[in-house]
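Asker: Provide a 3D model corresponding to the input given below.
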Amino acid sequence: MAAAPADNNMPRKPDRETVEPPLIPAGPPVLEGEMSMEGEFVAPPSNVPMIEVNHVTKKIGDRNIVEDLDFKVVQGEIFGFIGPSGSGKTTTIRLLTGVYGPTEGTVRVMGVAPSHTSRRVQERFGYMPQLFVLYPNLTVRENLNFAAALYGMNPFRRKRRIDEMLRFVELWEARNRVAENVSGGMQRRIELAASLLHNPPLIFADEPTAGIDPVLRGKFWDEFRRLRDEGRTLFISTQYVSESEYCDRVGVIRKGRLIALDTPIGLRRTALGGDVVDIMSNDLTPEAVATLARLPVVKEIRPISRNEVRAYVQEAGAAIPALLETLNAGNCSVNRIEEYKPSFDEVFIDLMNRDSQARGEDGSDDEAA
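Answerer: As a prediction, this is how the structure comes out:
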């Protein structure tokens, strides 16, 4: 690979006896939506399948690390991949970036198998790995300069883009510090900047917000949404279940199997069997509760306290007027009636428990490596 042109920011030669080369996996070429003549990103058409995973299983030895994964990611969406530690998230990203090949099934990323080794292919996506894989004995700026050279960035655009990314990830003041002397959170920021340097149309981020403070985490997601709004596609794995709400669609993985795939709202409905409405009234008699339970829009009524019940319905917007009308007809004054939205932690736990029960497991969380 050709060395980067000499300039004031030229990295010192890495110590090859003690430092492994960084992981820059091969990725697929972009079919449409590459860079304009001016170097600006031009989004491909909407609904282009950027990622296609067809019944993919990956075995190491005789053990299935991921099993029968089947999903698509379309252009211009944030796809969240959520699961416990060791559930197969990193293995899936390695399959998508060509680091691993599938044992069974097929993977297509932007139209081709991601194991393609062309230099042109390597420049078409950004990859933020889970662990720090750049050079610890180079400065922050030198690491970004090195990554930009690997991606084949134009030397005339490189310095400006590096400066932009240093300011975005709030590392401008630390730009001349050696990477091994910055915090773990700062190292995550270096990795994020390196993955975005070349304006890729597709970005893989393996737990990008792990180990960083909530303020910077919010800034990361602001940037992810901005990139999505430009037409880019993001595949983001995370253990932070609450980050589901920032995604357009979410895949939930457990023990190497995809157990749910939907929008955040759809996941809530899957976990609860529909929508939930909380009703508070000082006039809730057993007869009034029984009357509510007989309504066609109501699947189930569960008591919460002496004067509060929870109604499980298909769709809250349609059910609330019917519930109110029935209560008023029964002379029950309503103190409060509103849709209940469980946290994504509750949704996630419910989905995990359902899958465990469906498979006759004891609920232990001995996830795949």
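
Asker: switch to C-alpha atoms for all contacts and neighbour counts from now on
Answerer: Will do.

Asker: which helices and strands does the helix or strand hosting Thr326 pack with?
Answerer: Using DSSP states H and E, Thr326 falls within helix 316-329. Packed against helix 316-329 by the contact rule (3 or more CA pairs under 8 Å, 6 or more residues apart in numbering; DSSP states H and E) you find strand 275-280, helix 286-293, strand 336-339.

Asker: Any chance you could list what contacts that helix?
Answerer: 275-277, 288, 291-292, 297-298, 313, 333-334, 337-339 (CA atoms under 8 Å, 6 or more residues apart in numbering).

Asker: cutoff 7 Å now
Answerer: Residues outside helix 316-329 that contact it (CA atoms under 7 Å, 6 or more residues apart in numbering) are 275-277, 292, 297, 313, 339.

Asker: quick one: buried residues of it?
Answerer: Using 16 or more other CA atoms under 10 Å as the test for burial, helix 316-329 gives 316, 319-320, 322-324, 326-327.

Asker: mind giving me TSV with those and columns for pLDDT?
Answerer: Below are these laid out as TSV (pLDDT from 0 to 100):
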residue	pLDDT
Ala316	91
Ala319	94
Ile320	95
Ala322	94
Leu323	95
Leu324	93
Thr326	93
Leu327	92
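
Asker: List only buried entries from the contacts of helix 316-329.
Answerer: Looks like the contacts of helix 316-329 have 275-277, 292, 297, 313, 339 buried, using 16+ other CA under 10 Å.

Asker: circling back: among the helices and strands packed on helix 316-329, which is nearest Glu207?
Answerer: strand 275-280 (30.0 Å; CA to CA).

Asker: Average pLDDT for stretch 108-123, rounded please.
Answerer: The average pLDDT within stretch 108-123 is 72.

Asker: From one end of it to the other, what's the distance?
Answerer: Criterion CA to CA, to the nearest Å; first-to-last residue distance in stretch 108-123 is 17 Å.

Asker: Mind checking what helix or strand follows the helix-or-strand element of the chain with minimal mean pLDDT in sequence?
Answerer: Lowest on mean pLDDT, DSSP states H and E among the helices and strands of the chain sits helix 119-122, with a mean of 61. The C-terminal neighbour of helix 119-122 among helices and strands, as given by DSSP H and E, is strand 125-128.

Asker: Other residues contacting that following strand?
Answerer: For strand 125-128, contacts defined as CA under 7 Å, 6+ apart pick out 27, 191-192, 195-196, 200-206.

Asker: Keeping just the C-alphas, turn whichever helix or strand comes after that strand into CSV.
Answerer: Using DSSP H and E, the helix or strand that directly follows strand 125-128 along the chain is helix 140-150. What follows is helix 140-150, C-alpha atoms only, in CSV (Å, rounded to 0.1, in the frame of the first residue of the first chain):
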residue,chain,number,x,y,z
VAL,A,140,-4.4,11.5,17.7
ARG,A,141,-3.8,13.5,14.6
GLU,A,142,-1.2,11.1,13.2
ASN,A,143,-3.7,8.2,13.6
LEU,A,144,-6.3,10.0,11.7
ASN,A,145,-3.8,11.0,9.0
PHE,A,146,-2.8,7.3,8.7
ALA,A,147,-6.4,6.1,8.4
ALA,A,148,-7.1,8.8,5.8
ALA,A,149,-4.1,7.5,3.7
LEU,A,150,-5.4,3.9,4.0
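
Asker: roughly how far out does helix 140-150 sit from the chain middle?
Answerer: Helix 140-150 sits 25 Å away from the centroid of its parent chain (CA atoms, centre = their mean, to the nearest Å).

Asker: elements contacting it?
Answerer: Here helix 140-150 touches helix 184-196, going by 3 or more CA pairs under 7 Å, 6 or more residues apart in numbering; DSSP states H and E.

Asker: what comes into contact with the helix it packs on?
Answerer: 126-128, 132, 140, 144, 147, 165, 169, 179, 208, 211-212.

Asker: and the closest residue to Val140 other than its chain neighbours, how far is that from Ala193?
Answerer: Ranked by CA to CA, 6 or more residues apart in numbering and with sequence neighbours excluded, the top spatial neighbour of Val140 is Arg175, at 4.9 Å. Arg175 is 12 Å from Ala193, where distance means CA to CA.

Asker: Can you pull the residues that touch both of those two?
Answerer: Counting by CA under 7 Å, 6+ apart, nothing touches both Arg175 and Ala193.

Asker: just the helices in this protein please.
Answerer: Taking DSSP state H as the test, the helices found in the chain are 89-96, 119-122, 140-150, 155-168, 184-196, 214-229, 264-272, 286-293, 316-329, 344-358.
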